[in-house]
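A.B. asks: fold the following for me, if possible:
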Amino acid sequence: MGKTQEGVDKGTRQNLILRLISEQPLGTQGDVVEALAGVGVEVAQGTVSRDLAELGVLKVGGRYLALPHESNMAGIEVLPSFVLRVTAAQNTVVVHTRDGTAGAVANVLDRVKGLKIVGTVAGLDTVFAVSPDNAAAEEVAGLIADVCRARTRPAGTIE
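C.D. replies: Presented below is the predicted three-dimensional model:
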């Protein structure tokens, strides 16, 4: 572990949390506290809880996913309304959507931090999301299915 960083501001800490979530399968607030400590940032679990809530991080399938807030952009909450079926096929995830919504779904998937997707291609009612390997595609398909079954909860609650 490196030297502790004193006085890390909230914005820097939250950006670091988003980066760590995208790089590691973190599933508890304790995991996030440990990951931050691993890069030299000491923080209390209560602070992490507030940060996760403010960032809009979701706990899906036992791990955290984050969608950075951008004005005029659809969020992960649209997936249950738009996605009809999700299938992993080798290293590709095929997402069938309602007519005309594939572009919005692809945009959301491209922006989610922590989702193992290299990129997406959208048609009218189908999204092809490419993952780095078959196992990642299975994981992504499962996470999308979990979101669509509303098996999500805000991450900022006490565990």
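A.B. asks: isn't Pro80 right up against Val147?
C.D. replies: Yes. The pair formed by Pro80 and Val147 meets the contact definition of C-beta atoms under 8 Å, at 6.7 Å. Every residue, glycine included, has its C-beta placed from N, CA and C.
A.B. asks: break the chain into its domains for me.
C.D. replies: As given by automatic domain parsing, the domain ranges for the chain are 10-65, 76-153.
A.B. asks: so what's the most centrally placed residue in the chain up against?
C.D. replies: Nearest to the mean C-alpha position of the chain, counting by C-alpha atoms, centre = their mean, stands Leu65 at 2.3 Å. When the contact criterion is C-beta atoms under 8 Å, 6 or more residues apart in numbering, the partners of Leu65 are 21, 57-59, 76, 112-115, 143.
A.B. asks: so how many other residues sit close to Asp133?
C.D. replies: 11 (other C-beta atoms under 10 Å).
A.B. asks: now it, what are its backbone angles?
C.D. replies: Asp133 has phi and psi values of phi -160, psi 180 when expressed as degrees, to the nearest 10.
A.B. asks: got a list of what Val127 touches?
C.D. replies: Taking C-beta under 8 Å, 6+ apart as the definition of contact, the neighbours of Val127 are 93-95, 97, 102, 105-106, 109, 120-121.
A.B. asks: no further queries at this time; thank you.
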